[in-house]
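A.B. asks: what would the 3D arrangement of this be:
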Amino acid sequence: MATQEFLVIKRGYDFAKWLLQHTGKFPKSSRFSVAVKLENGALDFIELTTVANLRKDKLPLLKQADEILAKLKLLFRLSYEMRFINLISYEHGSKRLNEMGRLLGGWIKKPGAA
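C.D. replies: Numbers count the residues shown, from 1 in each chain. So this is what the prediction gives:
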């Protein structure tokens, strides 16, 4: 496994672990809507990138992971604006999501991803 690909998966895994510690603190009224969508998105991201790494034709799965990442960013911002997470957590999570996006974008553009 190449370094960049492993780093995307590792960053996604680390983000999912961190996120799961925060979504349990969401208000009960949003725990089964926003929190579940965030959790599932983070888990789907690491599943897709892991499976893509094993496939010869990676591009379709990487593009799906990119779509999920866009949804995660939107839901994460909503969580902050609804005050489910504080500013420090929002800044930390946003940096992780942006890093994951940069790494995934590099993987998508890499020759051999298709």
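A.B. asks: now the protein, which segments are flagged as low pLDDT?
C.D. replies: Within the chain, the stretches with pLDDT under 70 are 1-2, 4, 112-114.
A.B. asks: tell me which residue lies nearest the centroid of it.
C.D. replies: A42 (4.4 Å; CA atoms, centre = their mean).
A.B. asks: pretty sure that residue contacts Y13?
C.D. replies: No. Shown here, A42 and Y13 do not form a contact pair, counting by CB atoms under 8 Å, at 9.0 Å. The way it works is simple: take the backbone N, C-alpha and C, and place the C-beta from them, glycine included.
A.B. asks: kindly check the end-to-end length of stretch 51-70 for me.
C.D. replies: 19 Å (CA to CA, to the nearest Å).
A.B. asks: which residues touch that stretch?
C.D. replies: The contact list for stretch 51-70, computed with CB atoms under 8 Å, 6 or more residues apart in numbering, reads 1, 5-6, 9, 41, 44-45, 48-49, 97, 100-101, 104-105, 107-108, 113-114.
A.B. asks: select only the buried ones of those in PyMOL?
C.D. replies: Only the buried entries of these go into this PyMOL selection, using 16 or more other CB atoms under 10 Å:
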select buried, resi 5+9+41+44+45+48+49+97+100+101+104+107+108+113
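A.B. asks: so which of the contacts of stretch 51-70 are in helices?
C.D. replies: The helices, defined by DSSP state H, take in 5-6, 9, 41, 44-45, 48-49, 97, 100-101, 104-105, 107-108 from the contacts of stretch 51-70.
A.B. asks: out of those, who's nearest K73?
C.D. replies: The closest of the ones in helices among the contacts of stretch 51-70 to K73 turns out to be L97 (CB to CB; 5.3 Å).
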